[in-house]
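**Q** Okay, here's the prediction I keep looking at, along with the sequence it came from:
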Amino acid sequence: MKLVYGLIFLLTICQAAFAQPDIPQKKFELYLLAGQSNMAGRGKVEEQDKTTHPRIWMLTKDNTWELATEPLHFDKPAVIGVGPGFAFAKALAQADTNVVIGLIPCAVGGSPIEVWEPGKYYEPTKSHPYDDAIKRTKIAMQKGELKGILWQQGESDSDSLHAGLYAEKLQLLVARFRKELKIKRLPFVAGTMAEFYVNGHPYAKIVNEAITKLPDHVKNTSFVSAAGLTEKGDQTHFDSVSARELGRRYAEVFKNMYAK
């Protein structure tokens, strides 16, 4: 019996060790994926999305590390799919073979920017988007260095009541993240909403303008354009091809920011 328990204990230890990246801490670069459904991903998962990369990891719902595969997120299990995060990490890993990427999935489908504040509860997913993101990111930072935040959000604020307030709320969000995570110039990149969404929601233009003008107001921020990307058939979410392309665009923006 002691032998059986000993084997079980050994197996447990081995599994735990496998779940953690065995890499120098200085080379483990972390990225927080935040926002709503187009960051979480709603594209169809295909074989290429299931294939792991030895230098790309993700923080699971249980706050353990494992090799990344799509879907990265878990906000709405019935509809989650391909988002930009995995393709983003692949592009960075390809650009620098010495780096290991750690993704921190925290996007919440349907969440307006107002619930990305301390203490705010989001009923549809029974979660606290901002508080949960901070908690998960701090756990991740025990293993690596936080290098940036990707923010893809805005659809839920594209109406007459909220669009005009978006610019100020976005700027405050960046400042709040930086203060809470104690990184004064933490890179923050926001993605615009796609043309197919803006065309059907006039107030989305105001939100997109706030996103594109963020660098004019907040240092060490930038934006990613969703121009030319296509939808999955619901006039709201990117299809898989476009989600991956969006991820690669995020990577290019981050690489340009690092170069400066």
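**A** On my side now, so go ahead.

**Q** In this protein, what residue spans correspond to helices?
**A** Applying DSSP state H to the chain gives helices spanning 2-18, 37-40, 47-50, 85-95, 129-140, 166-181, 195-198, 204-212, 214-217, 240-259.

**Q** Of all the ones you listed, which one is nearest Pro187?
**A** Closest of the helices of the chain to Pro187 is helix 240-259, at 5.5 Å (criterion: Cβ to Cβ). (C-beta placed from N, C-alpha, C; glycine too.)

**Q** Show me how far the closest one is from its chain's centre.
**A** How far helix 240-259 lies from its chain's middle: 12 Å, per Cα atoms, centre = their mean, to the nearest Å.

**Q** repeat for stretch 89-106
**A** Distance of stretch 89-106 from its chain centroid, counting by Cα atoms, centre = their mean, is 12 Å.

**Q** and the helices of the chain, which is most packed in?
**A** Between the helices of the chain, helix 37-40 has the highest mean count of neighbours, a mean of 28, where neighbours are mean count of other Cβ atoms under 10 Å.

**Q** so what does that one touch, helix or strand wise?
**A** strand 145-152 (3 or more Cβ pairs under 8 Å, 6 or more residues apart in numbering; DSSP states H and E).

**Q** strands paired with the strand it packs on, and their directions?
**A** Strand 145-152 sits in its sheet next to strand 28-35 (parallel), strand 188-191 (parallel), going by DSSP bridges.

**Q** And those: which comes nearest Gly110?
**A** Of the strands paired with strand 145-152, nearest to Gly110 by Cβ to Cβ is strand 28-35, at 10.7 Å.

**Q** what's the pLDDT at the residue nearest the centre of the chain?
**A** Nearest residue to the geometric centre of the chain (Cα atoms, centre = their mean): Leu33, 1.3 Å. Here, the pLDDT recorded for Leu33 equals 98.

**Q** was I right about it contacting Ala89?
**A** No. Counting by Cβ atoms under 8 Å, Leu33 sits too far from Ala89 to count as a contact (9.6 Å).

**Q** Which residue, other than its chain neighbours, is closest to Ile134?
**A** The shortest distance from Ile134 to any non-neighbouring residue, by Cβ to Cβ, 6 or more residues apart in numbering, is to Glu180 (5.3 Å).

**Q** so that neighbour touches Asp131, yeah?
**A** No. Applying Cβ under 8 Å, one finds Glu180 not in contact with Asp131, separated by 9.7 Å.

**Q** before we move on, back to that, please determine how far the residue nearest to Ile134 is located from Thr60.
**A** When Cβ to Cβ, to the nearest Å is the yardstick, Glu180 and Thr60 sit 22 Å from each other.

**Q** hmm, back to that, of all the helices of the chain, which lies closest to Ala226?
**A** Counting by Cβ to Cβ, Ala226 lies closest to helix 240-259 out of the helices of the chain; the figure is 6.2 Å.

**Q** got any ranges where the stretch 151-260 of the chain has weak pLDDT?
**A** Within the stretch 151-260 of the chain, no stretch has pLDDT under 70.

**Q** beta partners for Pro105?
**A** Beta-bridge pairing of Pro105 under DSSP bridges involves Leu33.

**Q** Fine by me, we can end here.
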